[in-house]
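Trainee: all I have is the shape, not the residue letters:
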């Protein structure tokens, strides 16, 4: 039996709902009660609950002091950096930096020993971001896990003058 999700569309009123189908796990008796042939595979519509979606970016064999760059602009939408994985975390060491398109660094963090996989803050990153990973020791495999997000609004903050006493 297959558990692979197959993308599909459902029409509800005048809206198209993106969802998924998979091979039904219904028993032959349940299929027969529903008026279906009990010995045939049936595709079942998964409920309208969301399915988590991820983008993974990886690179292999990054030498000492080499930099692996991950350009998020190719996805043309905001992302959240969900997790980072490196192989043999007991011996690898890396520095991860996040840069805006104007080369402004907005994050820098060093990971050593057994600190991966690492869960990052839930802050979204704009689509113009590049993530750079510098290997402090040779790393055989680096994988970033990203989650597509939607930013509903972006507003500018204000600065308030502080008064000295």
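Mentor: Okay, I see it. Bear in mind that the values here come from a model prediction, so they are computed numbers and not experimental data.
Trainee: and residue 117, how many neighbours?
Mentor: Neighbourhood size, residue 117 [other CB atoms under 10 Å]: 12. For every residue, glycine as well, the C-beta is placed using N, CA and C.
Trainee: wait, it sits on residue 82?
Mentor: No - using CB atoms under 8 Å, residue 117 makes no contact with residue 82, being 9.4 Å away.
Trainee: check what pLDDT residue 123 gets.
Mentor: You'll see residue 123 listed with a pLDDT of 87.
Trainee: do residue 113 as well
Mentor: 67.
Trainee: do the one 4 residues further on as well
Mentor: At residue 117 the predicted local distance difference test score is 70.
Trainee: mind listing what it touches?
Mentor: For residue 117, the contacting residues are 83, 84, 85, by CB atoms under 8 Å, 6 or more residues apart in numbering.
Trainee: want to throw those residues into CSV with distance to residue 65?
Mentor: Output for the contacts of residue 117, formatted as CSV (distance: CB to CB, whole Å):
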residue, distance to residue 65
83, 24
84, 19
85, 21
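Trainee: for these, give me TSV that also has pLDDT.
Mentor: Below are the contacts of residue 117 laid out as TSV (pLDDT from 0 to 100):
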residue	pLDDT
83	88
84	86
85	85
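Trainee: buried ones only from those residues, please, as a ChimeraX command.
Mentor: If you want just the buried ones from those in ChimeraX, going by 16 or more other CB atoms under 10 Å, the selection is:
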select :83,84
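Trainee: between the contacts of residue 117, which is nearest residue 130?
Mentor: Comparing these against residue 130 with CB to CB places residue 84 closest, at 15.0 Å.
Trainee: the closest one: helix or strand, and which one exactly?
Mentor: Taking DSSP states H and E as the definition, one finds residue 84 inside strand 79-86.
Trainee: which strands and helices sit next to that strand?
Mentor: Strand 79-86 sits against strand 93-99, strand 118-119, strand 139-148, with contacts defined as 3 or more CB pairs under 8 Å, 6 or more residues apart in numbering; DSSP states H and E.
Trainee: so what strands line up beside the lowest-mean-pLDDT helix or strand in the chain?
Mentor: Least confident helix or strand, the chain: strand 118-119 with a mean of 72, by mean pLDDT, DSSP states H and E. Partners of strand 118-119 in the sheet, by DSSP bridges, are strand 79-86 (antiparallel).
Trainee: now stretch 149-160: buried residues?
Mentor: Judged by neighbour count (16+ other CB under 10 Å), stretch 149-160 contains no buried residues.
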